[in-house]
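[1] need the 3D shape of this:
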Amino acid sequence: MGLFQSIGNFLGIGKSDADKALEAQTRATQDANAVNKYMYDQTRTDMQPWRQAGTQALDQMQGSEYMQDFNMSNFVADPGYQFRMAEGTKALERSAAARGGLMGGGTMKALAGYGQNLASEEYNNAYNRFNADRDRRFNRLSSLAGVGQTATTQTNAAGQNYANSTSQNSIALGNAAAGAAAANSNNTNNLIGQGLMAGAMFCDVRLKTEIKPVSAAELAEMKRHLRAYKFKYKEAKHGQGDFIGVMAQDLEKSAYGRTLVVEDEHGNKQIDVGRVLMLFLATLAEG
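    From the prediction side, this is the model:
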């Protein structure tokens, strides 16, 4: 604890308005940041199913199924080709059986010719069906991937907004802290300038007489009577808010303490700030 802070506590200087404003702004900043984080977390949770669906769709679009070209295995497996081939073959076989020549060379030749003609006719159809079906499924996945991309973009925007808002709150809080520190520094300087300057002006040993050393025991005697209190003033003109300090009546119980107490024109006890400073310096001198 610094010397002037110790003096302030000794005199009963409480929290300044700047300190109270800073505390209020700190609480408000913490609350605002908590709300911002809640909204960001909720946005991520809400968007998670869409982002996941888009990711899965993108993985499928990159699969080997969409990278291969149409080939004979695809043609042979084409349902339209297989259906026409099966039905034509059965028709030829039934016709041949009705004529009693199911296993004859003519039947085999007819079947072979039918298969060749059908292959020639159906290849383009199968090719078109293959690509149309693949394009249709790819486009569906592409739409789903786009939904995931949009969800990701919105999540990123929410994260950026959260970061920007939190940064702005931190900057505002930092400015408020700097302002409070400056205000408190000014208040302390005013206190010192107004109350302590007189004592500081007359510390020249050449201006003093009856100089006698003060022992640590004598200072300790005064300290034994001191008590620290938390309190509020009854009237705002004496101070507002919470204070920590000592009571003049306790000081008056000791030989050195009573030299610090003075009274105003109404009999209210006050503390001679100039004497307090010199007493604190004497306390430091005694270690």
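
[2] where does the protein dip in pLDDT?
    For the chain, the stretches with pLDDT under 70 are 1-18, 75, 81-121, 180-204, 284-287.

[3] per-domain residue ranges of it.
    The record's domain parsing of the chain by automatic domain parsing lists 18-184, 202-285.

[4] just put those in CSV and tack on mean neighbour count.
    C-beta: built from backbone N, CA, C; applies to glycine. Output for the domains of the chain, formatted as CSV (neighbours: other C-beta atoms under 10 Å):
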stretch, mean neighbour count
domain 18-184, 14
domain 202-285, 13
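
[5] show me the contacts for Ser142.
    Listed by C-beta atoms under 8 Å, 6 or more residues apart in numbering, the contact set of Ser142 reads Ala57, Met61.

[6] roughly how far apart are it and Gly257?
    87 Å (C-beta to C-beta, to the nearest Å).

[7] need the three-state assignment for Ala53.
    Following DSSP: H, G, I helix; E, B strand; the rest coil, the label given to Ala53 is helix.

[8] how about it, what does it touch?
    Under the criterion of C-beta under 8 Å, 6+ apart, the neighbours of Ala53 are Leu144, Val147, Gly148.

[9] would you format those residues as JSON lines with secondary structure and distance to Met72 included?
    Converted to JSON lines, the contacts of Ala53 look like this (DSSP: H, G, I helix; E, B strand; the rest coil; distance: C-beta to C-beta, whole Å):
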{"residue": "Leu144", "secondary structure": "helix", "distance to Met72": "32"}
{"residue": "Val147", "secondary structure": "helix", "distance to Met72": "37"}
{"residue": "Gly148", "secondary structure": "helix", "distance to Met72": "36"}
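
[10] redo the residues you listed as CSV? Include distance to Leu22.
    Output for those, formatted as CSV (distance: C-beta to C-beta, whole Å):
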residue, distance to Leu22
Leu144, 51
Val147, 46
Gly148, 45
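
[11] closest to Asn268 among these?
    Gly148 (74.9 Å; C-beta to C-beta).

[12] that closest one contacts Asp59, correct?
    No: using C-beta atoms under 8 Å, Gly148 is not in contact with Asp59, being 10.7 Å away.

[13] wait, is Ile244 part of a strand?
    Yes: counting by three-state DSSP, Ile244 falls inside a strand.

[14] helix, strand, or coil at Ala132?
    Three-state call for Ala132 (three-state DSSP): helix.

[15] OK, contacts around Asn169?
    Shown in contact with Asn169 (C-beta under 8 Å, 6+ apart): Thr29, Ala32, Asn33.

[16] nearest spatial neighbour of it, skipping sequence neighbours?
    Thr29 (4.7 Å; C-beta to C-beta, 6 or more residues apart in numbering).

[17] contacts only, for the one you found.
    Counting by C-beta under 8 Å, 6+ apart, Thr29 makes contact with Asn169, Ser170, Ala172, Leu173.

[18] between the residues you listed, which is nearest Ile211?
    Out of the contacts of Thr29, the member with the shortest distance to Ile211 (by C-beta to C-beta) is Leu173, at 51.5 Å.

[19] the closest one is in what secondary structure piece?
    Element membership of Leu173 [criterion: DSSP states H and E] is helix 105-191.

[20] thinking again about what came up before, so which helix or strand takes in the residue nearest to Asn169?
    In this structure, Thr29 is located in helix 17-61 according to DSSP H and E.

[21] can you check Gln270 too?
    strand 269-271.

[22] neighbouring strands - and their directions - for that strand?
    Next to strand 269-271 in the sheet, as set by DSSP bridges, lie strand 261-263 (antiparallel).

[23] which residues sit against the strand it pairs with?
    Ala248, Leu251, Glu252, Lys269, Gln270, Ile271, Asp272.

[24] the third one and Val246 touch, don't they?
    Which is Glu252. No: between Glu252 and Val246 there is no contact under C-beta under 8 Å: 11.0 Å.

[25] which residues touch Asn128?
    By C-beta under 8 Å, 6+ apart, Asn128 has no neighbours at all.

[26] circling back: export the contacts of strand 261-263 to CSV and tack on distance to Val214?
    What follows is the contacts of strand 261-263, written out as CSV (distance: C-beta to C-beta, whole Å):
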residue, distance to Val214
Ala248, 21
Leu251, 16
Glu252, 18
Lys269, 23
Gln270, 23
Ile271, 19
Asp272, 17
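
[27] for the residues you listed, which one is nearest Lys223?
    Distances from Lys223 to those, taken by C-beta to C-beta, are shortest for Leu251, at 10.7 Å.
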